[in-house]
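Chemist: Curious how this folds, go ahead:
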Amino acid sequence: MARIVTDENFEEVLNEGKPVVLDFWAEWCGPCRMVGPVIEELANEYEGRVIIGKIDVDENNDVTAQYGIRSIPTVLFIKNRQVVDKLVGAAPKVTFVNKIEQLL
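Modeler: Numbers count the residues shown, from 1 in each chain. As a prediction, the model looks like this:
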């Protein structure tokens, strides 16, 4: 299951030292609902190797602003606390898998 990331626990997540895939989403966003099940599948498939989390943009303004998120869904791929890749909009699962594999 994807981890729920918030403004409060974001630094904690980064400090775990694993690559992080962070899905910025909102309940009202249609494309976000399309990406959601893919994120959940990836969280199960990469459990223990990659932190895959979801952050609700309506409830977590600090991290959303920190990364300049203007469109959702936006998925950030973070390694060593640095954003190394970004995907905006819905995409097929294979696109996410390829980007995650580059993190490992």
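
Chemist: Show me which helix runs longest in the protein.
Modeler: With DSSP state H setting the assignment, residue counts place helix 30-45 as the longest helix in the chain.

Chemist: starting at the chain centroid, how far to that one?
Modeler: Taking C-alpha atoms, centre = their mean, to the nearest Å, one finds helix 30-45 lying 10 Å from the centre of the chain it belongs to.

Chemist: Give me the buried positions along it.
Modeler: Within helix 30-45, the residues scored as buried using 16 or more other C-beta atoms under 10 Å are 32, 35-36, 38-39, 42-43. C-beta here means a position set from N, CA and C on the backbone, and glycine is covered the same way.

Chemist: And those, which is closest to residue 16?
Modeler: residue 43 (14.3 Å; C-beta to C-beta).

Chemist: Show me the strands in this structure, by range?
Modeler: Here the chain has its strands, by DSSP state E, at 3-4, 20-25, 51-56, 74-79, 82-88.

Chemist: out of these, nearest to residue 10?
Modeler: So among those, strand 51-56 is nearest, using C-beta to C-beta, at 7.6 Å.
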